[in-house]
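Could you work out the structure for the sequence below:
(chains A and B)
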2 protein chains.
Amino acid sequence: MSTSVAKTLSAQPTDLYARIRSYHRIVVLTEGFSKPFCAKTAMSLLRYRHSDVIAVLDATEDGKFADELFGVGETVPVVSSLDNLDADSLFLGTALTGGALPAAWRNIILNALVRGMDVVSGMHDFLSDDPEFSRVAKENGALLIDVRRNNEHVTSTGVPFRSECLRVHTVGQDCSLGKMVVSLEVQRELANRGEDAQFVATGQTGIMISGAGVPVDCVVSDFVNGSVEALIRRNEHHDMLLIEGQGSISHPSFSAVTMGLLHGCAPDGLIYCYEVGRESVKGLSSVALLPHRTMIDAYLANASLRHPSKLIGIAMNSRSVSATQADAERERMQQEYGLPVCDVYRHGATCLADAVLNLKRELGK
Amino acid sequence: MSTSVAKTLSAQPTDLYARIRSYHRIVVLTEGFSKPFCAKTAMSLLRYRHSDVIAVLDATEDGKFADELFGVGETVPVVSSLDNLDADSLFLGTALTGGALPAAWRNIILNALVRGMDVVSGMHDFLSDDPEFSRVAKENGALLIDVRRNNEHVTSTGVPFRSECLRVHTVGQDCSLGKMVVSLEVQRELANRGEDAQFVATGQTGIMISGAGVPVDCVVSDFVNGSVEALIRRNEHHDMLLIEGQGSISHPSFSAVTMGLLHGCAPDGLIYCYEVGRESVKGLSSVALLPHRTMIDAYLANASLRHPSKLIGIAMNSRSVSATQADAERERMQQEYGLPVCDVYRHGATCLADAVLNLKRELGK
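Modelled structure (predicted):
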């Protein structure tokens, strides 16, 4: 532990992130991976930056529309090359891991750079560490933006946040079940009502959508809490923050990330997220998920080690069940917990937005 | 979260760590920082690798003995230069943070490299990233070993550990209060009784002492749990593991590290460590420490999310009080918790070693 470290070792990527917001003619690359469960980033870009996306690039699905592949993105065309597109940027639509970049992806990225397009990636392996990509980008005045690159070396100051700023954090039974989406949908609903509510991204897709945030799973562990605290401090002038959760507090691989985030953002309220029917940890089928009650108790107990926190609602992801089953599950959970419950896609985020405003009133913020 | 990442992006430092064990003529550098609270690493090297240390280097304290400066290290001489020493390595005796290396340290390190001595550092900023150090090391056949460098990119497998391997983990009310020392002293006591007990290092000093481990506070957060799991798997052939703790579960800055370590090593037993009289978080005087009971409950609840765990004993650091006060505190805590309590320096680690063996019997391991 380096209790006295409180500095920034290299320039913050904040300027690069801000540039992400400037793109309005984005091509999303999913070549060979245009499946809903593979292309989470692509789907979120199609949903939350719909008006900025001009095409999806996948030669194996050429001629289709985004909606046919992903159930989102309506008539955004799927194309086989960058020819004849007036694009400003290429966003990698999935974070490939565990090996070399496929040859097709390398060529498309090089092709985009040669055209002077910026390339935005959420992969753990950084494009800007690749000598060929770096050279070609430089030669053509293009930028490589690795949203997961983060060298912020800051530890906590222990200074409380602005007390009028309400912080609501999405936490979950597992990873990859919609915590970012819930945060975004609740923020949108509040913004539509004229509230000063800000989405706070903590993962690569959220950063690509909002052009700000900290890729918390890439921060060196000693600086996780501190970099989240700094992120909240950059946003505490807002009335309300909807802070994207990561992993889960019992996740065999990612509980360090979850805990640092939970303590770093010191939430006033928690929204618990789960997927109906999921029984084991994603990617670790031998590890059973823990009961909701156990998970909720763990989140509340851990959050409260740093700051008083309460559960204000539950978000269910019901993609794998029928509408009737989803409604029955919603009713059952509402009864059991006495709290608002919804699937933000099926039911909208109204009841969760109400819960945020109720908490605000209750805390006099 | 990258659930599918399960690879090593670069060579493991395991070979370099092993080399650390080979040194038997170590000079410990503390130039200008020969104070007990500054030179934690130096003190631990003097205590736990006493027979391998030939000198402490601090020109400002030239001519003294280690014992006079640190209360440990007996007659190891304090010297003003590397001249006339037949040394094989220079260990940096404190992890300076937050700025450039002092000029005196630069010169001493360069001087050691020119003599062909390896230089071992636990700093967050890596010596091997410094072009001048790298060049001079290469020219003289010397090695730069940054024990905090770790690029292990592994996530959890979810596979249980060898069931006969008992895992005991030291956890604490705060950082820097003796968790490593307690793990080492209990391991030594068990080894002296002929037990196959292994110390498992998770910090830079522990690695310098044992020549193995993972510097968990430097691992990228997504890989904390996984790299600890891999560390335990490399050691699970032993009957008993004493796993060094880090930070604290409620630490504003470091709870991510603590949680990932707790889940990664899945301990059967916990030893809770605290310092008598400490009231606020080290380095954050505005943040009060939480009561022992709250902390212990939090550790047990969190550990048990992954693996059943119980508290087997309490280690108090009583350096700031008299022997009489220490004994009174010990008695009070024993009564309150009904468990063995000791200061391993004042009372020895006997009762904690007994507690480890009792747990082993109880679990039939």
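
how close does A:Leu262 get to A:Ser80?
44 Å (CB to CB, to the nearest Å). (Each C-beta comes from the backbone N, C-alpha and C, glycine too.)

Neighbour count for those two, which is higher?
A:Leu262 (31 against 13; other CB atoms under 10 Å in any protein chain shown).

A:Thr170 is in contact with the more buried one, correct?
No - using CB atoms under 8 Å, A:Leu262 is not in contact with A:Thr170, being 10.9 Å away.

which parts of the helix or strand that contains A:Gln334 are buried?
Per DSSP states H and E: A:Gln334 is located in helix A:323-337. The neighbour-count check on helix A:323-337 (16 or more other CB atoms under 10 Å in any protein chain shown) flags A:Ala326, A:Glu329, A:Arg330, A:Met333, A:Gln334, A:Tyr337 as buried.

quick one, phi psi at the nearest residue to A:Met316 once chain neighbours are set aside?
In space, A:Met316 comes closest to A:Asp343 once its chain neighbours are excluded; the distance is 5.2 Å by CB to CB, 6 or more residues apart in numbering or on different chains. Note on A:Asp343: backbone dihedrals following degrees, to the nearest 10 are phi -100, psi 120.

Look at A:Asp343 and report its pLDDT.
Model confidence at A:Asp343, given as pLDDT, is 98.

residues in contact with it?
By CB atoms under 8 Å, 6 or more residues apart in numbering or on different chains, A:Asp343 lies in contact with A:Ala315, A:Met316, A:Asn317, A:Ser318, A:Ala326, A:Arg330.

Pull up the gap between it and chain B, please.
Counting by CB to the nearest CB, to the nearest Å, the gap from A:Asp343 to chain B is 22 Å.

what sits against A:Thr30?
Listed by CB under 8 Å, 6+ apart, the contact set of A:Thr30 reads A:Cys38, A:Ala39, A:Ala42, A:Val56, A:Leu57, A:Asp58, A:Leu69, A:Gly93, A:Thr94.

burial measure for the last one, as a count.
The burial count assigned to A:Thr94 is 24, neighbours taken as other CB under 10 Å.

just to revisit the earlier point, out of the contacts of A:Thr30, which one sits closest to A:Ala349?
Nearest to A:Ala349 among the contacts of A:Thr30: A:Ala42, at 22.3 Å, using CB to CB.

residues near that closest one, how many?
A:Ala42: 30 neighbours (other CB under 10 Å).

Then A:Asp83?
Using other CB under 10 Å: A:Asp83 sits among 8 other residues.

cool, and A:Thr155?
A:Thr155: 27 neighbours (other CB under 10 Å).

Check the offset of the helix holding A:Gln334 from the chain's centre.
In this view, helix A:323-337 has its centroid 26 Å away from the chain centroid, taken as CA atoms, centre = their mean, to the nearest Å.

Stretch A:352-365 now?
Using CA atoms, centre = their mean, the offset of stretch A:352-365 from its chain centre is 23 Å.

again, but for stretch A:81-97
Using CA atoms, centre = their mean, the mean C-alpha position of stretch A:81-97 is found 19 Å from that of the whole chain.

and stretch A:349-365, C-alpha only, in PDB?
C-alpha atoms of stretch A:349-365 as PDB (Å, rounded to 0.1, in the frame of the first residue of the first chain):
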ATOM      1  CA  ALA A 349     -37.600   3.200 -15.900                       C
ATOM      2  CA  THR A 350     -40.400   5.300 -14.400                       C
ATOM      3  CA  CYS A 351     -40.600   3.500 -11.000                       C
ATOM      4  CA  LEU A 352     -36.800   3.600 -10.500                       C
ATOM      5  CA  ALA A 353     -36.600   7.300 -11.400                       C
ATOM      6  CA  ASP A 354     -39.400   7.900  -8.800                       C
ATOM      7  CA  ALA A 355     -37.400   6.000  -6.300                       C
ATOM      8  CA  VAL A 356     -34.300   8.200  -6.900                       C
ATOM      9  CA  LEU A 357     -36.400  11.300  -6.400                       C
ATOM     10  CA  ASN A 358     -38.000   9.900  -3.300                       C
ATOM     11  CA  LEU A 359     -34.600   9.200  -1.800                       C
ATOM     12  CA  LYS A 360     -33.500  12.700  -2.700                       C
ATOM     13  CA  ARG A 361     -36.500  14.100  -0.800                       C
ATOM     14  CA  GLU A 362     -36.000  11.700   2.100                       C
ATOM     15  CA  LEU A 363     -32.300  12.800   2.500                       C
ATOM     16  CA  GLY A 364     -33.200  16.400   2.000                       C
ATOM     17  CA  LYS A 365     -30.800  16.800  -0.900                       C
END
